[in-house]
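Student: Fold the following for me, if possible:
(2 chains)
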Amino acid sequence: MSRKAKRRLTEGLFNLYGFLVYGFLYIPVIVMVVFSFNDSTNNQIWNGFTTEWYGTLMSDSELWRILLTTVVIAIISTVIAVVLGTIGAVGMSRTDFKGKKLISTLLYIPIIIPEIVLAVATLLVIRKAGLGLGMLAMCMGNVTLILPYVYITVKSRLTGMDQSIEEASLDLGANRSYTFLHVILPNILPGVVSGAFMAFTLAFGDLVIVSFMANATTVTLPMDVYSMLKRGIRPEINALSTVILVAFLVGITASKLISSHIDKMNRRKGLEENERKEGEEDEGYEGRVIILE
Amino acid sequence: MKIIANKEYLKIKRRSKLSEIFMCMPLSVWVVCLILLPLCYLLFMSFMTKGPMGTIKYVFSVDSYVRMLEPEYFSVFKKSLYIAFISTVVNIVLGYPMAYFIASKVKMSSTLMLMLMLPFWTCALVTIYSFVIMFSNAGLINNFLMALGIIDKPIDMLYNNFSVSVGMVYELLPFAVMPMYSSIEKMDKNFIEASKDLGAGPIKTFFKITLPLTKPGIYAAIILTFIPCIGYYMITDMLGGGTTLLIGNVIYNQFTAARDWPFGAALSCILSAAIILMMFIYTKLGGDLDNLGA
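Tutor: Residues are numbered from 1 along each chain as shown, chains lettered A, B, ... in the order given. Here you go, the predicted model:
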């Protein structure tokens, strides 16, 4: 076998492998989508096509209320985590104080200990502090869970950032908050956005923390689904999960398109600016020569 | 003049220092109140005594720790470690080539990574439940195989270690691929070129160059899959059918049905201690904690 053929073969095998793994990940999702069109309340055997469940889903106000609760909790938690994590990461990378090492090490705890341990520990403290369970406690627990992800992505973005522009801003008389908003934040924004996305995904899908922090009236979607597992999941839930999946896909595609559009615009602007600058630099050079003379 | 300017500069510098510390405050307070304090209180709780009707008597005792030595719990520990071990090995073996595959598609890799997250953009429990639909005796796979005549009696795939492990692998594969992908992507490709130029074949290059250079990613992936496996009680619940009990389930039961908080706290503490020891070894081996988050 020639070398080229061999390489093509390995590449082909590799592609096949990638395809198979994506298949493994997607088959349960596909089953979920397909069974949302299943004409049977028994969610295990295929019985023919129907869109009935999407109809019942539309009129199921209870389920929409649960979804709303889930989304609201996820959004509040993400916003708090992003604000705390971003400002904190910037502060931590620019200063040194007693106990900084301890704080930054503790921040990894929610990632490394099993979620259930974090959940029971938080539950104990919230009970002890006399705070009631419910929405507030659920958000607090979620923030603790997702905070490290925001912190780490922002931090890694900060280490890649050129510190001299920040110093330049401060030297030129801009204060801290101006520098943060106009110099640092635009530079680390991609990190903030990807951290926020990860945080939202985790907060939205979380079951463990949220179910320990919940009171009897606040129910999120994962909790609701978990409670019906013993009897089998209702087909409306499949329909709702499909709707959520489509919403996520639409949102992500839109944000990708927008960001690539902005990239393109920036690149064009950058090119124009570069051209202009080059022109100016030429003039400047001449000017300098004159001064030297 | 110069001295004044210097003073002025120092004043600005000091003020900016203060604002930096101010920036760290909210995060630090949160970490202390909601990570450090809860863990300390958990440790404290583990040494308390269980009162009647799920109350807590604030009397020091090590009963909860002694109780863990009972054979019943020993088998739970053993089973948890066994399933976590199997799932981790499968995740690494499946995930590493996957990470390599994604890294090799330079132009598409960010999209491919995003596609890996797709199962998380729905209700995760529903996708896990899909495995029940597929694996059950009257389920999709058994029906399919019987229709083809390959088997004449359904295979028991559900409610055993197999189904639990599949569920764990499914939930955690993306988290295994992520750190391995980032370390493969960061690797200096010149080493591979050099190795090839010096006459090493692809297999030798892989074991001598690629694998050692991407070790941090593999360590991170091991931690990110092994630890959640021990705690994911809902997967065991759904796919283990109540016959498979893991540490996560036992802790969950102590805080819900059994209402024995000190015992649940003690189990959590032992689990955390084991994990913190693991992390210590990981950082000593040269692992970077940041690899765990990205």
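Student: you'd agree B:Ser28 is up against A:Gly88?
Tutor: Yes - counting by C-beta atoms under 8 Å, A:Gly88 is a contact partner of B:Ser28 at 7.4 Å. Yep, even glycine has a C-beta here, placed from its N, CA and C like the rest.
Student: For the two, work out which one has more neighbours and name it.
Tutor: Taking neighbours as other C-beta atoms under 10 Å in any protein chain shown, B:Ser28 and A:Gly88 compare with A:Gly88 leading, 27 against 23.
Student: isn't that one right next to B:Leu27, touching?
Tutor: Yes - counting by C-beta under 8 Å, A:Gly88 does reach B:Leu27; the two are 2.8 Å apart.
Student: Quickly list what's touching both of these two.
Tutor: Common neighbours of A:Gly88 and B:Leu27, using C-beta atoms under 8 Å, 6 or more residues apart in numbering or on different chains, are A:Tyr151.
Student: which residues in the stretch 1-150 of chain B form strands?
Tutor: B:49-50, B:56-57 (DSSP state E, counting those that start in this stretch).
Student: Adding distance to chain A, mean pLDDT and mean neighbour count as columns, could you present these in CSV?
Tutor: Output for the strands of the stretch 1-150 of chain B, formatted as CSV (distance: least, C-beta to the nearest C-beta, whole Å; pLDDT from 0 to 100; neighbours: other C-beta atoms under 10 Å in any protein chain shown):
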stretch, distance to chain A, mean pLDDT, mean neighbour count
strand B:49-50, 14, 84, 18
strand B:56-57, 10, 80, 14
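Student: Now tabulate the ones you listed in CSV and tack on distance to B:Val32.
Tutor: Shown next, in CSV, are those (distance: least, C-beta to C-beta, whole Å):
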stretch, distance to B:Val32
strand B:49-50, 28
strand B:56-57, 24
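Student: Can you say which of those strands is nearest to A:Ile262?
Tutor: Across the strands of the stretch 1-150 of chain B, A:Ile262 has its closest neighbour in strand B:56-57 (55.7 Å, C-beta to C-beta).
Student: in terms of contact, does A:Pro235 touch A:Asn38 like I think?
Tutor: Yes - shown here, A:Pro235 and A:Asn38 form a contact pair, counting by C-beta under 8 Å, at 6.2 Å.
Student: So for A:Gly132, what's the pLDDT?
Tutor: In this model, A:Gly132 is scored at 83, pLDDT.
Student: So the residue nearest to it when sequence neighbours are not counted versus A:Leu136, what's the distance?
Tutor: Excluding the flanking residues, the one nearest A:Gly132 by C-beta to C-beta, 6 or more residues apart in numbering or on different chains is A:Asn215, at 7.0 Å. Distance of A:Asn215 to A:Leu136, computed by C-beta to C-beta, to the nearest Å: 10 Å.
Student: and those two? which has more neighbours close in?
Tutor: Taking other C-beta under 10 Å, A:Asn215 and A:Leu136 do not tie; A:Leu136 has more neighbours (15 against 12).
Student: give me the element the more buried one is part of.
Tutor: helix A:135-159 (DSSP states H and E).
Student: after that helix, next one along is what?
Tutor: helix A:163-171.
Student: what about that following helix, average pLDDT?
Tutor: Here the average pLDDT along helix A:163-171 is 82.
Student: secondary structure element for the residue most central in space within chain A?
Tutor: Centre of chain A computed as the mean C-alpha position; nearest residue by C-alpha atoms, centre = their mean is A:Phe197, 1.7 Å away. Using DSSP H and E, the secondary-structure element containing A:Phe197 is helix A:185-205.
Student: Restrict whatever helix or strand comes next after that helix to CA atoms and write it as CSV.
Tutor: Per DSSP H and E, the first helix or strand lying C-terminal to helix A:185-205 is helix A:208-213. Output of helix A:208-213 as CSV, limited to C-alpha atoms (Å, rounded to 0.1, in the frame of the first residue of the first chain):
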residue,chain,number,x,y,z
VAL,A,208,-28.9,17.7,42.6
ILE,A,209,-28.3,21.1,44.2
VAL,A,210,-31.7,22.5,43.2
SER,A,211,-33.7,19.6,44.6
PHE,A,212,-32.0,20.0,48.0
MET,A,213,-32.6,23.8,48.1
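Student: What is helix A:208-213 packed up against?
Tutor: helix A:115-128, helix A:135-159, helix A:221-227 (3 or more C-beta pairs under 8 Å, 6 or more residues apart in numbering or on different chains; DSSP states H and E).
Student: Using a markdown table, lay out the ones you listed together with mean pLDDT and distance to chain B.
Tutor: Output for those, formatted as a markdown table (pLDDT from 0 to 100; distance: least, C-beta to the nearest C-beta, whole Å):
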| stretch | mean pLDDT | distance to chain B |
| --- | --- | --- |
| helix A:115-128 | 91 | 4 |
| helix A:135-159 | 92 | 3 |
| helix A:221-227 | 90 | 5 |
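Student: how many other residues sit next to B:Ala194?
Tutor: Around B:Ala194 there are 13 residues (other C-beta under 10 Å).
Student: can you check the one 5 residues further on too?
Tutor: For B:Gly199, the tally of surrounding residues (other C-beta under 10 Å) stands at 7.
Student: same deal with A:Gly195?
Tutor: A:Gly195: 31 neighbours (other C-beta under 10 Å).
Student: which residues are contacting stretch B:18-31?
Tutor: A:83-85, A:87-92, A:94-95, A:97, A:99-100, A:103, A:106-107, A:143-144, A:147, A:151, A:176-177.
Student: Report whether the one helix or strand B:Ser268 maps to contacts chain A.
Tutor: Using DSSP H and E, B:Ser268 maps to helix B:261-284. Yes - contact of helix B:261-284 with chain A (C-beta under 8 Å from any C-beta of the partner chain) involves B:261, B:264-265, B:268, B:271-272, B:275-276, B:279.
Student: Turn those residues into a markdown table, columns for pLDDT.
Tutor: Shown next, in a markdown table, are these (pLDDT from 0 to 100):
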| residue | pLDDT |
| --- | --- |
| B:Trp261 | 89 |
| B:Gly264 | 91 |
| B:Ala265 | 92 |
| B:Ser268 | 92 |
| B:Leu271 | 89 |
| B:Ser272 | 90 |
| B:Ile275 | 86 |
| B:Ile276 | 86 |
| B:Met279 | 83 |
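Student: Now rank the residues you listed by neighbours and give me the top one.
Tutor: Result: B:Ser268 is most packed of the residues of helix B:261-284 next to chain A (other C-beta under 10 Å), 30 neighbours.
Student: Tell me who's in contact with it.
Tutor: So B:Ser268 contacts A:116-117, A:120-121, B:42, B:46, B:251 (C-beta under 8 Å, 6+ apart).
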